[in-house]
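K.L.:
Give me a model of this one.
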Amino acid sequence: MIKTLKNFGGKKLGGVILIAVIVIAFGFGGFGGGFSTNNQNNIAKINKTNVTTQDFMDYLNGSNISQQAIRENLDQNIIEELLSGLISTTLIDLEVEDFDLSITELTVLKKIKENKNFQDENDVFQRIKYEKFLLSNNMSAPMFELQLKNRELQKHLFDLIGAGTITPDFLIKKKFEEQNKTLDIEYLAMSKQYREKDSYTSEEIKKFVEENKDQLKREYIDFKYAVLNPKNLIGLEEFNQDFFDEIDKIENKISQGGTFETILENIKVDVIEISKYTTSSTKKINEDRIYSKRSSNLDIIENGDNFLLFSIVDKYDLGPDLGDLTTKDEITELVFQKGKFDLNRNILEKIQKNEFDNNEFNKISANSLEYVSLNSINDANTFETNSVKMLYSLPVGAFTLVNDKDNKIYLVKIVNAKDNSYNTADKNYLKFVQELNTDNRKSILQSYDQLLNNKYKVQLNQKTIDRVKNYFK
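P.N.:
Numbers count the residues shown, from 1 in each chain. The predicted structure follows:
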């Protein structure tokens, strides 16, 4: 509910003109579809608090977004974004009022005098700098001081909400130790356990195709096409206006119902006919391009330095043709990948059921074990980052599968864990404390955001919103 408004480039709002537009829009004639017949000037309602069109008007004038930017972004829901920002601000104001937070004028003045923008090189407040700032931003002193006061109240609110986010020292130390201990790992590459791709027999491949025939069906097309370029259309090598005029004529003939044959009847060009075509690992530039556009039965498309005029004769679904060497190789690759997946899944299921032990690990590893020591939860030199985090969550003696940055899979065993010494004054420790407190604060604020959703009921007057949009069109 506490939503950050998008930055629309800091464009200035046409204040007086915008006010006039909104006043005209809202000041006469009223609205339908409000919360009640007496609330036609409300654009939203938060519990019992009305958000009036005047509130929205003031918010628009303070948003530094020009009328043109609003008009150009109506279809991108800019009005809704601005209203969301106003509602968020109003919610915070309601919370400040509910917690009975306050700030004195002396505190506001102190904040102004401590602002580096208003001080000289000796850190002394300069009234003239303050006044220049107000003039350049078209603001009065009371307006700026009110905004500053509101920001400070909001800061106090979030400080209050997050007041309990400082984690006790003993918990910080414990978590730091857990994440910075040394893990001794035994591991082996699962690639050594997989069957060779060439070891799969024709019978196994056929069985795989039969079991997955519906999923393996692909769309094939029969089609014919001609390659068009300046040479065969206008007899020149260059792309000039005459060539593009001829292309336009062909496009017009297609839109008027012309056929492939009638379009080419006066053009001397070779026609290429292709049957039973689908994309494969063997790239064919023209054919693949036409296949990607097969939703059109007749079309002309640009492809590099040429244009392709094509006609789709037929479309149909077929299972893989194992007589085609390319297709067979692709299916064999699928069988190979399934074999790897099945073996990995089988091992994981045994681990999860506590049926995988040292005997099983030693049997699989034989003489192919490797060893590594991870220095911290951030040590991603051997395994991928998320895999390392998982390893640090497991006890000594645990088994699991992990992967590296290249997605190669490894079977690992955590052999030992050793705590490392550290200094609480060390920069890494201090950074860890800061990040931990920040994460805890974010978590509490997310919970607070959910509380606001439950605490406040927001109703929008859609007819009023639509009326605003209409006056910007």
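K.L.:
Who are the packing partners of the biggest strand by length in the chain?
P.N.:
Using DSSP state E, we find that the single longest strand of the chain is strand 306-318. If you count contacts as 3 or more Cβ pairs under 8 Å, 6 or more residues apart in numbering; DSSP states H and E, strand 306-318 packs onto strand 218-228, helix 260-264, helix 285-292, strand 298-303. Heads up, the C-betas are built off the backbone N, CA and C, glycines and all.
K.L.:
for the ones you listed, which one sits closest to residue 86?
P.N.:
Nearest of the helices and strands packed on strand 306-318 to residue 86, taken as Cβ to Cβ: helix 285-292 at 46.2 Å.
K.L.:
Give me the buried positions along that closest one.
P.N.:
By neighbour count on 16 or more other Cβ atoms under 10 Å, the buried set for helix 285-292 is 286-287, 289-291.
K.L.:
got the residue ranges for the strands in the stretch 301-450 of the chain?
P.N.:
Assigned by DSSP state E, counting those that start in this stretch, the strands in the stretch 301-450 of the chain fall at 306-318, 370-374, 399-403, 409-418.
K.L.:
could those strands go into TSV alongside mean neighbour count, distance to residue 349 and mean pLDDT?
P.N.:
Shown next, in TSV, are these (neighbours: other Cβ atoms under 10 Å; distance: least, Cβ to Cβ, whole Å; pLDDT from 0 to 100):
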stretch	mean neighbour count	distance to residue 349	mean pLDDT
strand 306-318	17	35	95
strand 370-374	14	24	95
strand 399-403	18	11	96
strand 409-418	18	14	96
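K.L.:
Does residue 432 touch residue 176 like I think?
P.N.:
Yes: using Cβ atoms under 8 Å, residue 432 is in contact with residue 176, at 5.4 Å.
K.L.:
strands paired with the longest strand of the chain, and their directions?
P.N.:
In the sheet, strand 306-318 lines up against strand 218-228 (antiparallel), strand 298-303 (antiparallel) (DSSP bridges).
K.L.:
Looking at those strands, which one is packed in the most?
P.N.:
Looking across the strands paired with strand 306-318 with neighbours counted as mean count of other Cβ atoms under 10 Å, the highest average goes to strand 218-228: a mean of 18.
K.L.:
Just the angle for that strand relative to helix 285-292, thanks.
P.N.:
Angle, strand 218-228 to helix 285-292, by axes from the mean of the first three to the mean of the last three Cα atoms, to 10 degrees: 120 degrees.
K.L.:
chain center to strand 218-228: distance?
P.N.:
On the basis of Cα atoms, centre = their mean, to the nearest Å, strand 218-228 sits 37 Å off its chain's mean C-alpha point.
K.L.:
repeat for stretch 297-304
P.N.:
33 Å.
K.L.:
Count the neighbours of residue 191 for me.
P.N.:
Neighbourhood size, residue 191 [other Cβ atoms under 10 Å]: 10.
K.L.:
Residue 368: which of the helices and strands packed on strand 306-318 is closest?
P.N.:
Per Cβ to Cβ, nearest to residue 368 of the helices and strands packed on strand 306-318: strand 218-228, 39.0 Å.
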